[in-house]
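Undergrad: Got a predicted structure plus its sequence, pasted below:
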Amino acid sequence: MGEQPVQVDCDAISGRPGGGQTFYEDNPTYIDEREPPGWNVSTPGEVGIDGDALEVGAAELAGSPALLSLLVVRGDALVFERYYHGSDASQSNNIHSASKSILSTLLGIAVADGAIASIDTSLADYLPEYVAAGSDKAAITLRHVVTMSSGLEWTEDDTETSVIESTDDWVRAILEQPLTGTPGVDFNYSSGMSHVLSAVLTRATGENTCAYAHEKLLAPLGIAAEHWGRDPSGVFSGGYNLYMTPRELARFGLLFLHGGEWEGVQLVPRSWVQEAIQPQLPAEDGYDYGYFWWLLPGSPEDVAIAWGFGGQFVYLVPALDLMVVMTADTASDHPELDGETFLYDHLLPAVQ
C-alpha cells in the first residue's frame, strides 16, 4: 500500500471555513490532491460475499440523497467501492463524531508512550487550572471522559451553542458545567468531553492534537487530513470538524481489524484495541459504549461502530474480518443514512 509521503501543516489546515466562533463549522467538501491511498482490490465473490445481494443492498441505500460513498472490505481487500451523487474518491468531507474513535485511539497511544500514566488518572492532573485537586470534579478520570460518563451536565446539540460557543475558553466552559451525576455511573453523550480529551492530549504530549495524531497514527496509515478545526484558544476540535476521504477512513478501520498493527508495526497496543471495542457501559437505544465506539454485541456478530452525524460510519465485524465504510453529505439537510439496514438486511446475510 505504498504511496506519497504524508506531510501536513496543522496551522494551514485549521482555518474555520464557516467563519465566526461556532462549535460546529459548516461542512464544505475539500479535494485531496494526493493519489487515493492504495488498497489490495478483490471482488465480493473471491472473499465469500454474494455480489448480487450486495448490489441490491447498495441500490437500496443509494436511494438516500445523502449517500456519498460505500466501501466494503474483507480479508484486507477492498471488494466494493462506489461513490454517489457527484462524489468521488478524492473528496474529503467532515467525518463528524466518527473522529471520536480516532481521538480515543490517540489516548491509547499516549498511554503506551508514557505521556499519560493511566486512563484512571484525574482530569485535575492534566488541567489543574480548570479542575482543582480535591474538588468533586477531580473524581472525573480519563476513563470517564472516554466512556461518556463524566457526570457533567450536557445536552448534545444544545449546550454547544447555548453555552460554550459564546465564550473564548471552551475547555473552561465545558468543565464549569454542573456535576449532576457520579462519574463513571451513567452514560451521557457529550462532544464537550471529547473536546476536553483533545486539551488533555495537547497538555500531556506537548503537541497539538493534530500534530500528535499525524505523527503517531494518521501519517503511518497514509492519511493526511484536509481540514481540522480548532477552538478560539487553539485547541484542535476533539471529536468533530475533522475531514478525510472514505479510503482514509477505511484505513483507520482496517487498523482495528488488524489489532492495531500496520505493515508490521504495532501502532496501537493490541490490548487497547480489544478494550476500546468491548462494552464499558450501556448507552442508549440498545447500544453499548466502548472507548468512543458504539457497540452492538452479538447481533448476530459483535459490531463496533465509529459513528458520525448524518451517516459517517465505520462498521467493524471482527469475527467475519469485515468492515463497511459509509460517508454522507451534511452540507445539505438530509435525513441520516440508515446504515444498519444495509448491514443487517443485506451485507451480513450475503457473507457466505
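TA: Cool, the structure landed.
Undergrad: which residue ranges form the helices in the chain?
TA: Secondary structure of the chain, counting by DSSP state H: helices at 51-61, 98-113, 142-146, 159-162, 170-175, 191-205, 209-213, 246-257, 270-276, 339-341, 348-350.
Undergrad: Of all these, which one comes closest to Gly75?
TA: Of all the helices of the chain, it is helix 246-257 that lies closest to Gly75, at 9.4 Å by C-beta to C-beta. Any C-beta I mention is one placed from the backbone N, CA and C, and that applies to glycine too.
Undergrad: Check the average confidence over stretch 309-319, would you?
TA: For stretch 309-319, mean pLDDT is 97.
Undergrad: quick one: buried residues of it?
TA: For stretch 309-319, a neighbour-count test (16 or more other C-beta atoms under 10 Å) marks Phe309, Gly310, Gly311, Gln312, Phe313, Val314, Tyr315, Leu316, Val317, Pro318 as buried.
Undergrad: so what's the backbone phi/psi at the first one?
TA: Going back to what we said before, that points to Phe309. phi -50, psi 140 (degrees, to the nearest 10).
Undergrad: Give the full set of residues in contact with the nearest residue to Ile116 once chain neighbours are set aside.
TA: Distances taken as C-beta to C-beta, 6 or more residues apart in numbering put Ala110 closest to Ile116, at 4.5 Å, once the chain neighbours are dropped. Taking C-beta atoms under 8 Å, 6 or more residues apart in numbering, we find Ala110 in contact with Ile116, Leu201, Ala204, Thr205, Tyr212.
Undergrad: Can you get me the start-to-end distance on stretch 132-139?
TA: The first and final residues of stretch 132-139 sit 10 Å from each other (C-alpha to C-alpha, to the nearest Å).
Undergrad: Contacts for it, please.
TA: Ser122, Leu123, Ala124, Val131, Gly151, Leu152, Leu175, Leu179, Thr182, Pro183.
Undergrad: Stretch 327-334 too?
TA: 26-29, 64-69, 85, 87, 93-96, 246, 249, 309-313, 336-337.
Undergrad: let's see 7 Å
TA: Contacts with stretch 327-334, where a contact means C-beta atoms under 7 Å, 6 or more residues apart in numbering, come from 27-28, 64-69, 85, 93-94, 96, 246, 309-312, 337.
Undergrad: Buried only: go through these for me.
TA: Buried by 16+ other C-beta under 10 Å: 27, 64, 66-69, 93-94, 96, 246, 309-312, 337, out of the contacts of stretch 327-334.
Undergrad: closest to Arg143 among those?
TA: His96 (23.7 Å).
Undergrad: Backbone dihedrals for the closest residue to Gly222 other than its chain neighbours, please?
TA: Excluding the flanking residues, the one nearest Gly222 by C-beta to C-beta, 6+ apart is Pro37, at 4.7 Å. When quoted as degrees, to the nearest 10, the phi and psi of Pro37 stand at phi -50, psi 140.
Undergrad: does Pro37 really touch Arg247, like I thought?
TA: Yes: between Pro37 and Arg247 there is a contact at 4.9 Å, judged by C-beta atoms under 7 Å.
Undergrad: Stretch 174-183 spans what distance, first to last residue?
TA: Taking C-alpha to C-alpha as the criterion, the two ends of stretch 174-183 lie 15 Å apart.
Undergrad: What are the buried residues along it?
TA: Ile174, Leu175, Gln177, Leu179, Pro183.
Undergrad: Equivalent analysis for stretch 25-34, please.
TA: Quick answer for stretch 25-34 (16+ other C-beta under 10 Å): Glu25, Asn27, Thr29, Tyr30, Asp32, Arg34.
Undergrad: I'd like to know the beta-bridge partner residues of the fourth one.
TA: In this entry, Tyr30 is beta-bridged to Ser92, by DSSP bridges.
Undergrad: Ok, Leu242 next?
TA: With DSSP bridges as the rule, Leu242 is bridged to Trp228.
Undergrad: which residues touch it?
TA: In this structure, Leu242 makes contact with Ile95, Ser99, Ala225, Trp228, judged by C-beta under 7 Å, 6+ apart.
Undergrad: give the contact list for Leu221.
TA: Arg251, Phe252, Leu255, Trp262.
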